[in-house]
Every structure is written in C-alpha cells, then in structure tokens.
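Q: Here is a sequence together with a model predicted from it:
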Amino acid sequence: MKSIERKVRATIAKYNMLKFDDRLAVAVSGGKDSVSLLHVMCKMEKDYPKASLVAVSVDEGIAGYRDEALKIAAENCKKLGVEHHIISFKQLYGFTLDEVVARVKMAGEKELTACAYCGVLRRKALNIIARNVEADKLATAHTLDDEVQTVLLNMLHGDVTRMLREKPVTDEVHPKLVPRIKPFCEIPERETALFAYVRKISFQSIICPYASEALRNEIRVFLNRMEEKHAGIKFTLFNSAQKIRPIVNYPQLKESLMDCSICGEPTTQKVCKACEFLQKLEKG
Ligand SMILES: [Zn+2]
C-alpha cells in the first residue's frame, strides 16, 4: 500500500498544499477516510522536522454514533502519538445536534435537514478548533468520490459559485480562516478503504443516523456505475471542474469576507449562517 502515500505526496506537491514548516491540523471524525488520512499524514510529517501535526475532532452530539467514533479517533491518535483536540457543538453553541434536530422537528421545519444544520455548524467548529491549536492549515479527508459528488450536486442545485469555491486548497481570504486542504482529493474512496483494511486501522463503519442526503446517494450510485463502465470517468469529471475555475475567472466571484456581527467569525453576510441558525433555534 505504498501507492496511496505516493499519490498523496504527489497531490500535495501538485496543489502546493503544504510548506515544510506548517503546523497541520487533521480533521478526524473516526471514519475510514479521516483515520486513513491521519495515518498517511503522520508518516509524511516525520520527513519534515520543522513541521508539526495535531488531530482535531468535532463532537456534534449524536448519541450512540459520534461518541463511539471519537473513541476510535482517540485510540488512533494515541497509537500514533498525536495530540488530539475535541470541540463540541454543546460547548460552542449550547446545543448538541440531537437537540438541534429535536427543536427543528418541534418547529415543524421541513426545508432544512439535519445535514444542512450540521454541515454549517461543523464547518465553523472545525475552523475555530484549527485556529485554537494554531494550525497553519486544516486537512480534511474528502476523497475523489466526495469531490466529484459535490461537483455534480452543486451543478444539480444550480449553485455554481459553490462549485467554484470547493477546491483542493481554499483561498486564504481572511486572517481568521484557517486554509483548508484536501490531500485525498485525487484518491478514490475504494483505495482509502483498502488502505484502512490492509493496515488493520480501526475506524467507525456505521452510518450517521441522520444521513439523509438522498440526492448525493443517487449521484454516488450513478458515478460508481459510470466508473465501472468507463474507467477514469471520476477523474475526468474532477479535472473538468479544475479547468472551469480559471476560465470563469474565479477571483472575481470571490466574495469579500467580513466579521459576523454576532460571533465575529468570518462570513459573507452580516450574520454568519451558524448564528442565523442558532437565532432561529433559540426563538423556537
Ligand atoms: Zn456568527
């Protein structure tokens, strides 16, 4: 299984993801992709004496699911001798995701799913914890599969700006925003799974009880079927998205970020999406 490590090194070089002295925070959920990423990055980090690595996790507060995943994440960190920091929705927002879902249900809201709330709240939490541990970069374990699913998903939602924004390396646009990198963005999910199995890495395999992204699942099935018939099609789609970005002159689309008037975190609106959600929840 040398190949995945070689591929990740190539990806990091290709997109200029890291500097030799970066302090890297790896987002670890406890799932196979993120735990595999932690193992790969940990090994690589040893080649760079001036670099450092730390694992960060978000506890969304999903009883019977995240608690177990965090245990697995912690075990892996211990084994690898990596510092592990956890931030929870409860301490940060006053609600666990379970409580958010209960409130949303009570309010009878149908528009937004648990995933929509969780995605926004988790994104903010990850940025805060990465900043708290003084990381220069934040690595997430999005695979080639995740990336191409997102490309199609955003296209099908008509959200072109978002499609352009989701890149292997985010632009550094705000001093409070820790730049994100995706070292697995060209690694098919099948390979990260194989890596975890071959290396006998422990990971959580149960699916989140709130997983409900119906359209993404249909896209996943579609892409896997296409890949079987036309090998390489996922890469082609991924590369198409990379080619579109410079053509549409992405920098002009880049919204200028300001500080949220409530929490002070970087946002494109006056009030950030997370605070908007929380205000709604508090009002019931
Ligand atoms: Zn805010």
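A: The structure has been received and is ready for your questions. Numbering: from 1, shown residues only.

Q: which element follows the host helix or strand of residue 149 toward the C-terminus?
A: Taking DSSP states H and E as the definition, residue 149 sits inside helix 144-156. Downstream of helix 144-156, the next assigned helix or strand under DSSP H and E is helix 160-165.

Q: circling back: quick one: contacts of the helix holding residue 149?
A: With contact meaning Cβ atoms under 8 Å, 6 or more residues apart in numbering, helix 144-156 is reached by 33, 142, 160, 162-163, 166, 168, 182, 184-189, 215-216, 219-220, 223, 234-235, 237-238, 240-241. Just so you know, the C-beta spots here come from the backbone N, C-alpha and C atoms, and that holds for glycine as well.

Q: Derive a PyMOL selection command for the buried subset of those residues.
A: PyMOL command restricting the contacts of helix 144-156 to the buried ones, with burial defined by 16 or more other Cβ atoms under 10 Å:
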select buried, resi 33+142+163+166+168+182+184+185+186+187+188+189+216+219+220+223+234+237+238+241
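
Q: Indicate the residue of the stretch 1-150 of the chain located nearest to the ion.
A: Nearest residue of the stretch 1-150 of the chain to the ion (Cβ to the ion) works out as residue 124 at 7.5 Å.

Q: What is the neighbour count of that residue?
A: 25 (other Cβ atoms under 10 Å).

Q: again with residue 261
A: For residue 261, using other Cβ under 10 Å, the count is 12.

Q: which residues of the stretch 51-200 of the chain fall in strands?
A: Here the stretch 51-200 of the chain has its strands, by DSSP state E, counting those that start in this stretch, at 52-59, 83-88, 137-139, 180-181.

Q: quick one: which of those is nearest residue 262?
A: In terms of Cβ to Cβ, the element of those nearest to residue 262 is strand 83-88, at 18.3 Å.

Q: Tell me the strands beside that closest one, with direction?
A: When sheet partners are counted by DSSP bridges, strand 83-88 sits next to strand 52-59 (parallel).
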